[in-house]
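[1] Dropping a prediction and its sequence here:
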Amino acid sequence: MQLGLERCLQEPHEILEGKRFGLLVNQASVDAGFRYSHELLNDRFPGQLKALFGPQHGMWSEQQDNMIETGHSLDKRLGIPIYSLYAQSRKPAPEMLEDLDVLVIDLQDVGTRVYTYIWTLSYCLETCAEQGIPVLILDRPNPLGGLVVEGTILDPAFTSFVGRASIPMRHALTMGEMAGFLNTHMGIGAEVHVQEMQGWTRSMLWPATGRSWIPTSPNLPRYEGVLLYPGMVLLEGCNLSEGRGTTTPFEVLGAPWLDPLALLDALGTPDLPGLHLRPISFEPTFQKHAGKSCGGLYLHPTDPALLRSYNATLHLLQAIQSLYPKDFAWNPPPYEYEETLMPIDILTGSSSLRETLTQDAQVLDAASETDRADWKTQITPFLIYGE
């Protein structure tokens, strides 16, 4: 398999010929030899790379959490600016692009709507359309594959920086495919080019690529966390710890008042499809319940092809809310710059889950079947890769 980056180095896209370009990257933007995209492209196109851009968490993935902004800086080796796209504004300012002929984007996404990199992409498309600057996407795999879709489509009334367009939680698109979809469905009208991968198919999960997982952000250090993230990210909307402040975020859940054995009894099984639940205690070093012993569960993906983390998390939240109605609570805003809407609502894409969680989790998940079918119809014209 070859990444878009690797193909660009071997067979450069014609849009780069003799052009000054900026590059949106972070620490996961590497080739098969773990060499950074910005260094490789600078060597391949001497004197043409004029600016770097970093998404949420910063170019080096240093900042931990939402609404912790990154300042602008300078790449001392290359002598070019690094503009933060998670600072006073999430949208690049026109002056950041004034010396550029092309904007190149080489970001590793995680295949989940609320991961902000696709929305940083959308803002870049908007500014580039306004300034008449073409965009080149160096495509990378969706680590969750390109077949499985989870969650309902976002209600436009609940748009935010974790959802600027109506897509489901697990969307099954690569960054290149998502760029085409957003450019059309948001009416952006940017000039978009994609340097395609070679050898990636929609059925491939990350391990099938043969590449090591490089943390795309501080709290996704392991691929297991990426597998669980489309569901476990919902815990950011409530008072359960999702494992921030531990070495395995999004792979554990818990709270000081939670009894893991009682929770397993309520579930009636330690196993959900593709997933095993192990009772544990853990103590976060920061964020929710920092310094307190939490009873909880460790989530072990046993069959990634069967795992549906969104549905699994619905089962867990439903059982916990039933067991601990006085302890469990939804978090209030703000969350990702949204000051009014409930965090769980912008995470799930509507108020429906919060209002109906007491229903059977299978019923809740089945309610999104129509959305999933509709989504697959919508994205068909933008698919680049086959089975």
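    Looks like it came in fine. Numbering: from 1, shown residues only.

[2] and stretch 218-230, which residues are buried?
    Asn219, Leu220, Pro221, Tyr223, Glu224, Gly225, Val226, Leu227, Leu228, Tyr229, Pro230 (16 or more other Cβ atoms under 10 Å). For every residue, glycine as well, the C-beta is placed using N, CA and C.

[3] Surely the first one and Pro249 touch.
    When you say that, I think you mean Asn219. Yes: counting by Cβ atoms under 8 Å, Asn219 touches Pro249, with 4.0 Å between them.

[4] Find residues that contact each of the two.
    Gly225, Gly243 (Cβ atoms under 8 Å, 6 or more residues apart in numbering).

[5] Just name the closest of the buried residues of stretch 218-230 to Leu297, please.
    Leu228 (11.4 Å; Cβ to Cβ).

[6] how near is that closest one to Asn183?
    Between Leu228 and Asn183 the computed distance is 30 Å (Cβ to Cβ, to the nearest Å).

[7] Same question for Gln321.
    Gln321 is 40 Å from Asn183, by Cβ to Cβ.

[8] Tell me the pLDDT of Pro5.
    Not Pro; residue 5 is Leu. Predicted confidence (pLDDT) for Leu5: 98.

[9] what about the strands in the protein?
    For the chain, strands defined by DSSP state E occupy the ranges 21-24, 49-54, 73-75, 80-84, 102-105, 135-138, 192-195, 252-255, 271-272, 275-282, 294-301.

[10] what comes up buried for stretch 204-216?
    Of the residues in stretch 204-216, those buried (16+ other Cβ under 10 Å) are Met204, Leu205, Trp206, Thr209, Arg211, Trp213, Pro215, Thr216.

[11] neighbour count winner among Gln321 and Asn183?
    Relative neighbour count places Asn183 above the other of Gln321 and Asn183, with 21 against 16, counting by other Cβ atoms under 10 Å.

[12] Does the more buried one touch Val192 like I think?
    Yes: Asn183 is within contact range of Val192, at 5.3 Å (criterion: Cβ under 8 Å).

[13] between these two, what contacts are shared?
    Leu125.

[14] Tell me the spatial nearest neighbour of the most centrally placed residue in the chain, not counting adjacent residues.
    Centroid-nearest residue in the chain, with Cα atoms, centre = their mean: Tyr115, separated by 2.7 Å. Leaving aside its chain neighbours, Tyr115 sits nearest to Asp109 (6.4 Å; criterion: Cβ to Cβ, 6 or more residues apart in numbering).

[15] Now for that neighbour, how many residues are close by?
    Residues near Asp109, counting by other Cβ under 10 Å: 23.

[16] show me what contacts it?
    Contacts of Asp109 by Cβ under 8 Å, 6+ apart are Tyr115, Tyr117, Ile118, Arg140, Asn142, Pro143, Thr174, Met175, Met178, Thr216.

[17] Show only the entries of those found in helices.
    Tyr117, Ile118, Met175, Met178 (DSSP state H).

[18] nearest to Ser37, of these?
    Out of the ones in helices among the contacts of Asp109, the member with the shortest distance to Ser37 (by Cβ to Cβ) is Met175, at 13.0 Å.

[19] Now do the same for that closest one: its pLDDT.
    For Met175, pLDDT reads 98.

[20] swap in the one 10 residues further on?
    Here, the pLDDT recorded for His185 equals 97.

[21] Test my guess that it contacts Ala165.
    Yes: in this structure, His185 is within contact of Ala165 by Cβ under 8 Å, at 6.0 Å.

[22] between the two, who's got more neighbours?
    Neighbour comparison, His185 and Ala165: the larger count goes to Ala165, with 17 against 14 (by other Cβ under 10 Å).

[23] Hmm, Leu154 and the more buried one touching each other?
    Yes: counting by Cβ under 8 Å, Ala165 does reach Leu154; the two are 7.3 Å apart.

[24] who's in contact with Arg7?
    Gln195, Glu196, Met197, Gln198.

[25] try 7 Å this time
    With contact taken as Cβ atoms under 7 Å, 6 or more residues apart in numbering, Arg7 is in contact with Gln195, Gln198.

[26] how near is it to Met96?
    Going from Arg7 to Met96 by Cβ to Cβ gives 27 Å.

[27] So which residues of this structure form helices?
    Ranges of helices within the chain are 4-10, 37-44, 117-131, 175-185, 223-232, 260-267, 309-323, 343-348, 352-356, 361-366, 369-379, based on DSSP H.

[28] okay, those helices in TSV with distance to Glu69 next?
    What follows is those, written out as TSV (distance: least, Cβ to Cβ, whole Å):
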stretch	distance to Glu69
helix 4-10	27
helix 37-44	21
helix 117-131	13
helix 175-185	23
helix 223-232	22
helix 260-267	36
helix 309-323	28
helix 343-348	18
helix 352-356	28
helix 361-366	35
helix 369-379	32
